[in-house]
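Visitor: Could you work out the structure for the sequence below:
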Amino acid sequence: MTSDRPSVQAAPQWRAASRCNNGECVEVALLSPGRVGVRDNKNPGGPVLTFTTGEWDDFLRVIRQSR
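Guide: This is a model prediction of the structure:
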């Protein structure tokens, strides 16, 4: 199984979804070991939702099952 988590860097490395094509997307980054951040790419200085890696994995699993 491949991981959908980015690697931890000194500064978060934000990445957009591969299906983002209209510029209105969310970005995700591994903020620290065990914490994933999600933000609006149009407002990079705005609020960041944070999740544990377990919560993030659960979210991705549910999304994949709904396809």
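
Visitor: For this protein, which helix or strand comes out least confident on mean pLDDT?
Guide: For the chain, the helix or strand with the lowest mean confidence is strand 15-16, at a mean of 92 (criterion: mean pLDDT, DSSP states H and E).

Visitor: Can you pull out the residues in contact with it?
Guide: By CB atoms under 8 Å, 6 or more residues apart in numbering, the list of residues contacting strand 15-16 from outside reads 6, 25-29, 41. Every C-beta, even on glycine, is put in place using the N, C-alpha and C of the backbone.

Visitor: residue boundaries of the strands in this protein?
Guide: In order along the chain, the chain carries the following strands (DSSP state E): 15-16, 26-32, 35-40, 49-52.

Visitor: Mean neighbour count and distance to Arg64 added to those strands, as a markdown table?
Guide: Written out in a markdown table, the entries for those read as follows (neighbours: other CB atoms under 10 Å; distance: least, CB to CB, whole Å):
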| stretch | mean neighbour count | distance to Arg64 |
| --- | --- | --- |
| strand 15-16 | 13 | 18 |
| strand 26-32 | 18 | 15 |
| strand 35-40 | 18 | 16 |
| strand 49-52 | 13 | 16 |
